[in-house]
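> The following comprises the amino acid sequence and a computationally predicted model.
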Amino acid sequence: MAHTYTPVDTFHAEITVPDDGDVATGPGLTALEYLADNTKNLSGRADDVDDLIQDLLDEQNAHKNEANTFVEPQTIALDDTESNPALTLEVPKADTPLLATTTDAGSHPGNASNKWKLLGRFKRAGGTYAYIYSGADTAAVGGFAIVVNAYWDVDEQKWVQESTGSASSALVWRFDKLVMWRKPSGSSTHWTNAEWEGGRLDGLEVIVTGDLSGGNDVKATQNMRVTNGEYLYTTPWERETLIDANSAIPRLASPGDPSPPWTPNTSGSFGWISTAADAIIEQPFRLPHGSTLIRIDVYHFQGLTVQDEMKLRIMNPVDWEDPDAGFDVDDVAGEGTFAGAGARITAINVNQEIDNARSYAVVFTAGLADVRFMAMRLIWSDPGPRNY
């Protein structure tokens, strides 16, 4: 007769099943009851496993949100097949990073325009820290930075000196530059990226394949070497060079003349006085290689209304291996002239780049006798320090 059976939480390892011809109240009924018992038992075990997995997930999520402090060094095997050959599961590759983040500086929940994201902080002696940051703008701000004794205030979007008793420094990688920053001790106020000062490298060999530029002094206690290139100012300096005419070279009026038509200026401390019309005198000069001669100012004196003439002459060797080749002489700057009596300064605008494989001189031609060639001033653009 049929009846209701309530399974019990018991697992039967062996179940007796009926043979053909056995009555339903015999082994067949018992077998069905045992199967019901096993089903309930296994269902309970599955529920226990679900609860255990959920507890582990909750613990893991809570662990992720905790700040962990390690008191011993942590060893991370990036390739588990080497440390545990019996492991057959898929393992991380050898290039798996120790630390990875999917957010950048601009992902800050409180400030979408944040410029720096903190990646790491390491304590130093004296209670200060060294910080590692990733930057939001690789060109203007920086893509990566190591900062000592200063931290980034996200709310203020400025740097803060951690300990005012010592200086702060930073090494910043930008799109195409490596920048050194420094802030002296006592900088208690907040400052922006632009308000850092130029840093310095002491006791290191610095190899730069591109331009080396500094917002502050660049100092070297030993040699500074440039393999290919020059030392250049960010903006060339405009400089002046004054040359008195005592070193000028008078020319003979014609071959065979006993003396040139010039005599030293005895009424003054420098210069020459012409003794005939069309007397020519040359004033050689030298400027740093690669500089640009902008203008020549010639100081001269003439007693009558007469036209004197000035020009820049450049002499270029044709071929040093062939003595018969001679030299090319070019008057490339145009002529500067002045007609009138008295002391005069006549300017010649030239804009001539200087190449020290050539020689340069100002050629002055006196219109009459008693013209005084006294001095000249060179206005030139200095691109950077030169040894030649």
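Done, it's in. Given the structure is predicted, the values throughout are model-derived calculations rather than measurements.

> From residue 351, how far off is the residue nearest to residue 163 when sequence neighbours are not counted?
The spatial neighbour of residue 163 that comes closest, neighbours along the chain excluded (Cβ to Cβ, 6 or more residues apart in numbering), is residue 128 at 4.9 Å. Placement of C-beta: from N, CA and C, glycine included. The gap separating residue 128 from residue 351 is 54 Å, by Cβ to Cβ, to the nearest Å.

> Counting neighbours, go ahead and name the busier of those two.
residue 128 (18 against 10; other Cβ atoms under 10 Å).

> Would you report the backbone torsion angles of the more buried one?
phi -90, psi 170 (degrees, to the nearest 10).

> give the contact list for it.
If you count contacts by Cβ atoms under 8 Å, 6 or more residues apart in numbering, residue 128 has them with 148-149, 162-163, 166.

> please redo it, this time with the cut-off set to 7 Å
Listed by Cβ atoms under 7 Å, 6 or more residues apart in numbering, the contact partners of residue 128 are 149, 162-163.

> as a whole number, average confidence for the lengthiest helix in the chain?
In the chain, taking DSSP state H as the definition, the longest helix is helix 29-64. For helix 29-64, the mean per-residue pLDDT is 74.

> Check the offset of it from the chain's centre.
Offset of helix 29-64 from its chain centre (Cα atoms, centre = their mean, to the nearest Å): 62 Å.

> Next: stretch 362-371.
Stretch 362-371 sits 54 Å away from the centroid of its parent chain (Cα atoms, centre = their mean).

> Give the buried residues for that stretch.
362-369, 371 (16 or more other Cβ atoms under 10 Å).

> and the residue nearest to residue 163, how far is that from residue 167?
According to Cβ to Cβ, residue 128 and residue 167 sit 11 Å apart.

> One more: residue 127?
From residue 127 across to residue 167, the span is 15 Å (Cβ to Cβ).

> ok, those two, which is more surrounded?
More neighbours surround residue 167 than the other of residue 127 and residue 167, with 18 against 10 (other Cβ under 10 Å).

> you'd agree the more buried one is up against residue 185?
Yes - contact status for residue 167 versus residue 185: in contact at 5.0 Å, counting by Cβ atoms under 7 Å.

> For stretch 304-312, which residues meet the burial criterion?
Of the residues in stretch 304-312, 306, 308-312 count as buried by neighbour count, 16+ other Cβ under 10 Å.
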